[in-house]
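Peer 1: sequence and predicted structure below; questions after.
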Amino acid sequence: MRRPALCFKIHGLAIAMVATIAGRSAFPQSPHPEASSSPSASPSATPIVFSERTLADLKRLREAALTSDYAFKQVAHLANNIGPRLSGSIQAAQAVEYVAGEMKSLGCEVQLEKVMVPHWVRGIETAELTQFPGQAAGTTQKVVLCALGGSVATPPEGITADTIRVRDFDELESLRPEKVSGKIVLFNHAFDKQMAAQGHAGDAYGQAVVYRSDAPVAAAKLGAVACLIRSVGGAECRIPHTGQTNYKDGVPKIPAAAVTAEDADLITYLVDQGPTRMHVVLKPQILPDVESANVIADLKGSEHPEQVVIVSGHLDSWDLGTGAIDDGAGVAVAMETAHLIQQLNLKPKRTIRMIAWMNEENGTRGSKQYEKDHASEFPNHFAVNETDGGAGHPIGLNLKAKPEVKKILEPVAKILEMIGAGTLNLAEHVGADTDPIEKADIPAFSPMQDNRFYFNYHHTAADTLDKIVPRELQENAAVVAVAAYAFASAEQPLPR
């Protein structure tokens, strides 16, 4: 996931987080959760949106999802057999072929739609404090860091310079240029763990990630020779957190890296005592763009095949971990939707389109290319999903749609109450890859998940398969499959 400032994922409401520690029965259950909720029950009801047959099929989908291991097998293969899938890599190319093959085996109509993606390769990355207060003669102190995505390299011999630290952009701007020029600047802005623990991890991420995206430019404007940030996220155990940084034309591109939270505290402690000098070596490479693809797999609708409901996740990942929660899980859940519909021999009225996006993490070129290729078809896009928040227990659905859509989906929410996922939340944003489609006023949805611990692993070496709880992945698959099939089988158009 790559998102500065206000473009982070909307993961959910705090009201549910504390209550869902056990992950299941925190929400009041309907006294008759399986009772019919057809709008036809009232003489004055609005036109039927979901038929009795559709509601019954939604319950079948929910139950099938909760007993299927298909999604877990898919994310396991992506994470363990293929591994890290940074855009332009051999692994990313293999993942495209793998997902396309799996979708073909389910009977989907599959297209690989060409996307030219950036090819940035991480190289050697080391750092050490070479001068600091209280230093024992002849010693240095190691600093654990990782280059930010898209960073330029240091000279081959590295950079050795005095280090200063600032808390935020305001403190940097208060310094005279001569205090910054020729220095390594550390931005020590901490991820708000308390906010995350209260269920607002997306907000905490949004406040911190702006330093990852914008700090190198801010430091370079004042003459800094390198920029370090405190890792974004709640990771401990001295694990650094990567992610894309954004350079600007007309501003010198300086090497940029994230240091662990522990090392940010160490550097701050020493700098506050006196002159502190650091040696940094970063050797990433920016290679020519590479041809890749979005995987597009359609289950054609029985009545309105030209109308499309999208389920999706992004296939690329960062390179430190194996991309299990970000976003192998989202791709697997989208694949599971197609698998369950075929397994149950269901016939949606509209086409359900599974998309495995390429290059969400460092460019969103997959979604931009999709917009170029399909914008003329957006009026026939009925609804769109992206699952890109890990695989934590879902408590409901985030909806970017008219308030009337939330009301329309209440019968669907009642079906999801059985797994503690009956909340409907109107959100401002659903996904990075779906953003162009959202802007066309097409209803968008995603699972609203327990995200309290997601940013402990996101974009780190700890993003591995063991972080996924199989039952919770099944619950996410149930939420997405039920919502997607409901949209695809609605009897009426939805308000836009």
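Peer 2: Happy to help now that I have it.

Peer 1: rounded mean pLDDT for the helix or strand hosting Arg53, please.
Peer 2: Using DSSP states H and E, Arg53 sits in helix 52-65. The average pLDDT within helix 52-65 is 98.

Peer 1: over to stretch 344-354?
Peer 2: Mean predicted confidence for stretch 344-354 is 98.

Peer 1: neighbouring contacts of it?
Peer 2: Contact partners of stretch 344-354, identified using Cβ atoms under 8 Å, 6 or more residues apart in numbering, comprise 57, 60-61, 64, 103, 108, 295-312, 334-335, 337-338, 341, 382, 484-485, 487-490. C-beta here means a position set from N, CA and C on the backbone, and glycine is covered the same way.

Peer 1: over to stretch 168-187?
Peer 2: Contacts of stretch 168-187 (Cβ under 8 Å, 6+ apart): 159, 161-167, 189, 211, 214-215, 218-219, 222-230, 259, 264, 267-268, 271, 278, 280.

Peer 1: and stretch 363-379, by the same measure?
Peer 2: So stretch 363-379 is in contact with 2, 87, 113-118, 244, 292, 294, 308, 314, 355, 357-360, 381, 432-437, 440, 442, going by Cβ under 8 Å, 6+ apart.

Peer 1: apply 7 Å and report the result again.
Peer 2: 87, 113, 115-118, 294, 357-360, 432-433, 435-437, 440, 442 (Cβ atoms under 7 Å, 6 or more residues apart in numbering).

Peer 1: buried residues in that stretch?
Peer 2: Gly363, Thr364, Arg365, Gly366, Ser367, Gln369, Tyr370, Glu371, His374, Phe378 (16 or more other Cβ atoms under 10 Å).

Peer 1: show me the contacts for Ala219.
Peer 2: Leu172, Val180, Val185, Cys227, Ile254.

Peer 1: hmm, 8 Å instead?
Peer 2: Leu172, Val180, Val185, Phe187, Ala226, Cys227, Ile254.

Peer 1: got the phi and psi for Glu128?
Peer 2: In terms of degrees, to the nearest 10, the main-chain angles of Glu128 are phi -150, psi 150.

Peer 1: which residue packs closest to it, ignoring adjacent ones?
Peer 2: Counting by Cβ to Cβ, 6 or more residues apart in numbering, Glu128 lies nearest to Thr140, which is 4.4 Å off, once chain neighbours are set aside.

Peer 1: contact partners for the one you found?
Peer 2: Thr140 neighbours (Cβ under 8 Å, 6+ apart): Glu128, Leu129, Thr130, His279.

Peer 1: next, the second one: secondary structure please.
Peer 2: Spelled out, that is Leu129. For Leu129, the secondary-structure state derived from DSSP: H, G, I helix; E, B strand; the rest coil is strand.

Peer 1: how near is it to Leu145?
Peer 2: Leu129 sits 12 Å away from Leu145, going by Cβ to Cβ, to the nearest Å.

Peer 1: show me where pLDDT drops low in the chain?
Peer 2: The model of the chain has pLDDT under 70 over residues 1-46.

Peer 1: can you list the domains in it?
Peer 2: As assigned by automatic domain parsing, the chain contains the domains 5-119+288-489, 123-283.

Peer 1: gap between the residue nearest to Glu128 and Thr130?
Peer 2: 5 Å.

Peer 1: against Ile184, how distant is Thr163?
Peer 2: Plainly put, Thr163 is 5 Å away from Ile184 if you go by Cβ to Cβ.

Peer 1: where do the contact lists of these two overlap?
Peer 2: Joint contacts of Thr163 and Ile184 (Cβ under 8 Å, 6+ apart) are Met278.

Peer 1: so if I had to pick from the two, which one is more boxed in?
Peer 2: Under the neighbour definition other Cβ atoms under 10 Å, Thr163 and Ile184 were set side by side, and Ile184 has more, 28 against 23.

Peer 1: where do the helices sit along the stretch 201-350 of the chain?
Peer 2: 201-221, 261-271, 329-343 (DSSP state H, counting those that start in this stretch).

Peer 1: circling back to that earlier point, which PyMOL command selects the buried ones in the contacts of Thr140?
Peer 2: The buried subset of the contacts of Thr140, as determined by 16+ other Cβ under 10 Å, is captured in PyMOL by this line:
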select buried, resi 128+129+279
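
Peer 1: distance to Pro288 for the contacts of Thr140 - can I get that in TSV?
Peer 2: Output for those, formatted as TSV (distance: Cβ to Cβ, whole Å):
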residue	distance to Pro288
Glu128	33
Leu129	36
Thr130	36
His279	31
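
Peer 1: and the contacts of Thr140, which two are furthest apart?
Peer 2: Leu129 and His279 (8.1 Å; Cβ to Cβ).

Peer 1: distance to Ile468 and secondary structure added to the buried residues of stretch 363-379, as TSV?
Peer 2: Output for those, formatted as TSV (distance: Cβ to Cβ, whole Å; DSSP: H, G, I helix; E, B strand; the rest coil):
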residue	distance to Ile468	secondary structure
Gly363	26	coil
Thr364	24	coil
Arg365	27	helix
Gly366	23	helix
Ser367	24	helix
Gln369	29	helix
Tyr370	27	helix
Glu371	31	helix
His374	31	helix
Phe378	33	helix
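
Peer 1: helices of the stretch 1-150 of the chain, start to end?
Peer 2: Going by DSSP H, counting those that start in this stretch, the stretch 1-150 of the chain shows helices at 14-17, 52-65, 70-76, 90-105.

Peer 1: nice, that's everything, thank you.
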